[in-house]
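A.B. asks: here you go, sequence then predicted model.
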Amino acid sequence: DSGVTQTPKHLITATGQRVTLRCSPRSGDLSVYWYQQSLDQGLQFLIQYYNGEERAKGNILERFSAQQFPDLHSELNLSSLELGDSALYFCASSEAGASTDTQYFGPGTRLTVL
Amino acid sequence: GQSLEQPSEVTAVEGAIVQINCTYQTSGFYGLSWYQQHDGGAPTFLSYNALDGLEETGRFSSFLSRSDSYGYLLLQELQMKDSASYFCAVKPHRGSTLGRLYFGRGTQLTVWP
């Protein structure tokens, strides 16, 4: 158990809908990262928040948005869902100042868009 | 663009040694990490190299050559439970406030009895 929690574990929805994925980082970790893992694209970085502020953006679609709240939990919002958005979505957190900057991954949310 | 190349599959028998290579081309480089992922599970951290040379952690070792943009993960005394996907990942920026990782596509290791 990495200490990172994600809810829900599974999500099944229809095209055009909107969903929210939630992540709670390890206690004390200030950085939260979101990754998308699909069969044909591997693990793709979406976005990073550090202590409530957006720090880096990757291949995140405009239909997707995220935020980190004062208690450091984060939410990833996916809207106007398409079939191709079906994937595993991982949240990870890291400890500020650690020499290895190890990222601790949550169990993921498996999103299925029908 | 960013590119990390690693073999898609490797097979070996229990007790053997296997090496998974990773070559990278990224716009920045601060360190190379390795993660293990069992089917449908969360990636878990295995090792990290920021400097050239070998890092050993139990049955796993990782090597980095910055001049060759190359690293490898060495798994010794293979066990069935080592069957998983292994990802190399580049950290392009220094510091954890900008800590994104670029991941390779992963190497599926199958260990046979």
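C.D. replies: Ah, there it is. Every value quoted in this text rests on a predicted model; they were computed, and no experiment measured them.
A.B. asks: what bits of the chain have low per-residue confidence?
C.D. replies: Just so you know, I chose chain A. Chain A contains residues with pLDDT under 70 at A:40, A:96-100.
A.B. asks: please go with chain B instead
C.D. replies: For chain B, residues meeting the criterion pLDDT under 70 lie at B:95-97.
A.B. asks: at 80 what do you get?
C.D. replies: When residues are selected by pLDDT under 80, those of chain B lie in B:1, B:93-99.
A.B. asks: now the strands for it?
C.D. replies: Assigned by DSSP state E, chain B shows strands spanning B:3-5, B:9-13, B:18-25, B:31-37, B:44-49, B:53-57, B:60-65, B:70-75, B:84-91, B:102-103, B:107-112.
A.B. asks: to residue A:110, which of the ones you listed lies closest?
C.D. replies: Proximity to residue A:110, assessed across the strands of chain B by Cβ to Cβ, is greatest for strand B:31-37 (13.9 Å). C-betas here are computed from N, CA, C, even on glycine.
A.B. asks: is the closest one up against chain A anywhere?
C.D. replies: Yes - with Cβ under 8 Å from any Cβ of the partner chain as the measure, strand B:31-37 is seen reaching chain A through B:31, B:33, B:35.
A.B. asks: that older thread, between the strands of chain B, which one is nearest to residue A:82?
C.D. replies: strand B:102-103 (22.9 Å).
A.B. asks: on that earlier part again, a markdown table for the residues of strand B:31-37 next to chain A, including distance to residue B:91?
C.D. replies: As requested, the residues of strand B:31-37 next to chain A are arranged in a markdown table below (distance: Cβ to Cβ, whole Å):
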| residue | distance to residue B:91 |
| --- | --- |
| B:31 | 5 |
| B:33 | 7 |
| B:35 | 12 |
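A.B. asks: and these, which is closest to residue A:112?
C.D. replies: Relative to residue A:112, and with distances defined as Cβ to Cβ, the nearest of the residues of strand B:31-37 next to chain A is residue B:35, at 24.3 Å.
A.B. asks: for the closest one, give me its contacts.
C.D. replies: By Cβ atoms under 8 Å, 6 or more residues apart in numbering or on different chains, the residues touching residue B:35 are A:105, B:43-46, B:86-87, B:89, B:103.
A.B. asks: farthest-separated two in the residues you listed?
C.D. replies: Spatially, the most separated pair among those is A:105 and B:86, at 14.3 Å (Cβ to Cβ).
A.B. asks: quickly note the distance from residue A:78 to residue A:7.
C.D. replies: Between residue A:78 and residue A:7 the computed distance is 14 Å (Cβ to Cβ, to the nearest Å).
A.B. asks: those two: who's more crowded?
C.D. replies: For residue A:78 against residue A:7, the residue with the higher neighbour count under other Cβ atoms under 10 Å in any protein chain shown is residue A:78, and the figures read 24 against 13.
A.B. asks: wait, that one touches residue A:111, no?
C.D. replies: Yes - contact criterion Cβ atoms under 8 Å: residue A:78 and residue A:111 qualify, at 7.3 Å.
A.B. asks: mind putting the strands of chain B into JSON lines with distance to residue A:54?
C.D. replies: As requested, those are arranged in JSON lines below (distance: least, Cβ to Cβ, whole Å):
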{"stretch": "strand B:3-5", "distance to residue A:54": "25"}
{"stretch": "strand B:9-13", "distance to residue A:54": "37"}
{"stretch": "strand B:18-25", "distance to residue A:54": "26"}
{"stretch": "strand B:31-37", "distance to residue A:54": "23"}
{"stretch": "strand B:44-49", "distance to residue A:54": "24"}
{"stretch": "strand B:53-57", "distance to residue A:54": "32"}
{"stretch": "strand B:60-65", "distance to residue A:54": "30"}
{"stretch": "strand B:70-75", "distance to residue A:54": "30"}
{"stretch": "strand B:84-91", "distance to residue A:54": "19"}
{"stretch": "strand B:102-103", "distance to residue A:54": "19"}
{"stretch": "strand B:107-112", "distance to residue A:54": "32"}
